[in-house]
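[1] let's see this in three dimensions:
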Amino acid sequence: MINFPKYNILFFVLAIPLITVSFFISYWWIWIILFFILYTVGLTLSSINIRSNFYMKVICEGNPENNSISITFDDGPNIINTPKVLEILKKNNIKACFFCIGKNVEVNKELLKQIYSDGHIIGNHTYSHSYVFDLFSSGKMKTDIQATNNIIFETINKRPKLFRPPYGVTNPNLAKAIKKINMISIGWSLRSFDTTTKGNIGKVLKRLENVKAGDIVLFHDIIDEIPEILEKFIELVQVKNISFVSIDKMLNVDVYNE
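    The predicted structure is shown next:
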């Protein structure tokens, strides 16, 4: 699979004959513009594809031979919906991973303690989850991510090792920041799109019917529909005779930096 350095080498090699030929053709500047547009489009598509591993390694699935899946939740903790999610998970003896936003942890520390005491894994989903996070410098990204690690450490005495990129977008600055902090990036292989339900739970469940062994499933514990979606999804997985496993066991990774 091609990555960022190889991609740049490829386009550099292609640029040499293009520049040479441009001296002998009309409207050469159009071809140069098209070349750079193609280059930029490739970078953009790779950035928004969490599974591309273009800029950095992102683990997006487990071994299907183990016949299990792992559930993850983003954007919490949420004082209204997260407790409902925890109740459902406890009832079904399922351990999940909660990728928490730092600013939400600050106002819901007792809830974070409950998530942890229930045996679930706490991951880092940045402090701000800013819409312009991907425009931050590497240093600012590092500061933002470490702020969440610090808040979580102050709350449960554990510093997360697992990180999920906001919106599933990666770029060179993020790759550099994650390497410096020594964290493991986690993506997903099945996205519920639960944040776009707008009351249409059936549409979400139809998409989730594609669940298969080895999947890392993305949910959000901030939406009002999540308890109903989660309960029906659990029933769907049980019918398929697929088991649930925590993400550390699925991927055989350490989840906290001591």
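[2] switch to C-alpha atoms for all contacts and neighbour counts from now on
    Fine.
[3] and Ser243, what are its bridge partners?
    In this structure, Ser243 bridges to Ser68 when assessed by DSSP bridges.
[4] neighbours around it, how many?
    Residues near Ser243, counting by other CA atoms under 10 Å, number 15.
[5] so it sits against Ser68, correct?
    Yes: counting by CA atoms under 8 Å, Ser243 touches Ser68, with 4.5 Å between them.
[6] just the strands in the stretch 101-250 of the chain please.
    Using DSSP state E, counting those that start in this stretch, the strands of the stretch 101-250 of the chain run over 121-124, 159-160, 162-163, 184-186, 190-191, 216-220, 243-244.
[7] so which of these gets nearest Val169?
    Closest to Val169 of the strands of the stretch 101-250 of the chain, according to CA to CA: strand 184-186, at 11.3 Å.
[8] adjacent strands (with direction) for that closest one?
    strand 58-59 (parallel), strand 162-163 (parallel).
[9] and the longest helix for this protein?
    As assigned by DSSP state H, the longest helix anywhere in the chain is helix 28-48.
[10] so His125 is in contact with Ile145, correct?
    Yes: His125 is in contact with Ile145 according to CA under 8 Å; the separation is 7.5 Å.
[11] wait, Phe4 touches Lys57, no?
    No: applying CA under 8 Å as the test, Phe4 and Lys57 come out as separate, 11.5 Å apart.
[12] tell me where the stretch 101-250 of the chain has helices.
    For the stretch 101-250 of the chain, applying DSSP state H, counting those that start in this stretch gives helices covering 102-106, 109-117, 138-156, 172-181, 201-208, 226-239, 247-251.
[13] among the ones you listed, where is the model least confident on average?
    Ranked by mean pLDDT, the helices of the stretch 101-250 of the chain end with helix 201-208 in last place, scoring a mean of 93.
[14] which outside residues touch that helix?
    If you take CA atoms under 8 Å, 6 or more residues apart in numbering as the criterion, helix 201-208 is touched by 190-194, 197, 225, 229, 232-233.
[15] same thing but 10 Å
    Helix 201-208 is contacted by residues 190-197, 217, 225-226, 228-230, 232-233, 236-237 when judged by CA atoms under 10 Å, 6 or more residues apart in numbering.
[16] out of these, which end up buried?
    190-192, 194-195, 217, 225-226, 229-230, 233, 236-237 (16 or more other CA atoms under 10 Å).
[17] export the residues you listed to JSON lines and tack on distance to Ile88?
    Output for the buried ones among the contacts of helix 201-208, formatted as JSON lines (distance: CA to CA, whole Å):
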{"residue": "Leu190", "distance to Ile88": "20"}
{"residue": "Arg191", "distance to Ile88": "20"}
{"residue": "Ser192", "distance to Ile88": "18"}
{"residue": "Asp194", "distance to Ile88": "17"}
{"residue": "Thr195", "distance to Ile88": "19"}
{"residue": "Val217", "distance to Ile88": "16"}
{"residue": "Glu225", "distance to Ile88": "13"}
{"residue": "Ile226", "distance to Ile88": "11"}
{"residue": "Ile229", "distance to Ile88": "11"}
{"residue": "Leu230", "distance to Ile88": "8"}
{"residue": "Phe233", "distance to Ile88": "11"}
{"residue": "Leu236", "distance to Ile88": "15"}
{"residue": "Val237", "distance to Ile88": "14"}
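[18] lovely, talk soon.
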